[in-house]
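J.: here's my sequence, what's the structure:
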Amino acid sequence: MVDKFVISQVTAGYSLTEVIACQSMGLFTGFLKNHGCDQSNTGWYLGSKLGSDKPSQSNEWNISLTYQNVKDKAIPQHDLNGAGKKLAAKGFVLESVYAINDHLSLKGKAEASKLTST
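T.: Predicted coordinates:
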């Protein structure tokens, strides 16, 4: 049987300017549901970002930490990014970006997740 995906998502965010070391800080959250199946069809995330929104100029940077909890049928497998890669999972995603100059940036990403039963 092929899983069907009809997904809706609600997101919310809040930004504060010049919070730490003259950098902005943002808080964000989201909830999603796959209406194409009846079980294991939800996911949510909660996170925070410090630094430039999208670093594009020399010496701009950001770092974000997100907690995600995703059930196995909430998102198609090819669309997963973060804590859940193949099964239901929950865990943290740490990402950072540093703009070396206006045309070159470094990106880093670390994930720690735990598979869960659905």
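J.: what's the longest strand in the chain?
T.: Criterion DSSP state E: the longest strand present in the chain is strand 7-20.
J.: what are the buried residues along that strand?
T.: Neighbour counts over strand 7-20 (16 or more other C-beta atoms under 10 Å) mark no residue as buried. All C-beta spots, glycine's among them, are computed from the backbone N, C-alpha and C.
J.: got a list of contacts for it?
T.: 24-36, 50, 74-75 (C-beta atoms under 8 Å, 6 or more residues apart in numbering).
J.: sort out for me which of these are in strands.
T.: Reading strands off the contacts of strand 7-20 with DSSP E, I get 24-34, 50.
J.: so which of the residues you listed wins on neighbours?
T.: Within the ones in strands among the contacts of strand 7-20, N34 tops the neighbour count with 22 neighbours, counted by other C-beta atoms under 10 Å.
J.: what's the closest non-adjacent residue to that residue?
T.: N41 (4.1 Å; C-beta to C-beta, 6 or more residues apart in numbering).
J.: next, the one you found: phi, psi?
T.: phi -120, psi 20 (degrees, to the nearest 10).
J.: what pLDDT does it get?
T.: At N41, the pLDDT value in this model is 90.
J.: tell me the contacts of it?
T.: 33-35, 71, 73-74.
J.: on that earlier part again, check the ones in strands among the contacts of strand 7-20 and tell me the two furthest apart.
T.: S24 and N34 (33.1 Å; C-beta to C-beta).
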